[in-house]
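A.B. asks: Give me coordinates for this.
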Amino acid sequence: MIAKVTGQKGTQNTRSTQRKPGILRARRALRSIALGGALLLVASHAQAHDLERTQVLLTFARDGSFVLDVANDPSWLKLRLESFPGSFADRVVLWVDGHEVRPTSVEYLPPAETDAAAPLGRHRLRGRFPADAHMLRWYYGLVIDPYPLTVRRADGRVLVEEISGDAWSPTIDVGGQFQLASVNATVSALTIAALLIVPLGIRIATKTRRHETLE
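C.D. replies: Numbers count the residues shown, from 1 in each chain. Down below sits the predicted model:
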């Protein structure tokens, strides 16, 4: 009887030992699946962000005019814009000294052939800042990823800011680079015309008087 009891216990221990590796394998498999899912999620998230490839370049001239190039991956941009009808200018904000400066023109430039390795579509916006502008804050409402904003001032300085995706830029100094027009262009043209006409009028009047005197 003792032998039989001992044999049964041995059988139970053997079965228990055989079950443990199976349980461990199952747990390891679940952990691997969970880890793989997490890595896949991170990779998908990173890949989705990489698709934006945002680049922004703001270039100023001495008279206060600017050219703003906003570049993105063309495929991503097309899909993104389908969710936001309206002008592209409505997706960006140039906030200058407490008020918005709206671009006066917007055009889309498809990827150039020279950018075949990494083609980018870009929107080119033009407008003008007040001559006495001092501070700028920038916002681009379509993106999620961080991206560089490069500002080329009219005085030759270049500023680069890292924007945290769907967020406002820090305050950017735009003051002291524009030249105030001392005389309006129309007034200048009229002044020059007057300077040319007045001597001519004097000559004609003088000749007319001499002719009347001789008669």
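
A.B. asks: Mind listing what's buried along stretch 146-161?
C.D. replies: Buried residues in stretch 146-161, counting neighbours by 16 or more other C-beta atoms under 10 Å, are found at Tyr147, Leu149, Val151, Arg152, Arg153, Ala154. All C-beta atoms are positioned from the backbone trio N, CA, C, and that covers glycine.

A.B. asks: Reformat these as CSV; add pLDDT, distance to Gln177 and secondary structure.
C.D. replies: Shown next, in CSV, are these (pLDDT from 0 to 100; distance: C-beta to C-beta, whole Å; DSSP: H, G, I helix; E, B strand; the rest coil):
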residue, pLDDT, distance to Gln177, secondary structure
Tyr147, 97, 24, strand
Leu149, 98, 17, strand
Val151, 98, 10, strand
Arg152, 98, 10, strand
Arg153, 98, 5, coil
Ala154, 97, 4, coil
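
A.B. asks: who does Tyr139 bridge with?
C.D. replies: For Tyr139, the beta-bridge partners are Val93 (DSSP bridges).

A.B. asks: Which residue ranges of this protein form helices?
C.D. replies: Counting by DSSP state H, the chain has helices at residues 2-50, 74-81, 185-214.

A.B. asks: which residue packs closest to Gln55, ignoring adjacent ones?
C.D. replies: Leaving aside its sequence neighbours, Gln55 sits nearest to Ala71 (C-beta to C-beta, 6 or more residues apart in numbering; 4.3 Å).

A.B. asks: Great, nothing more from me.
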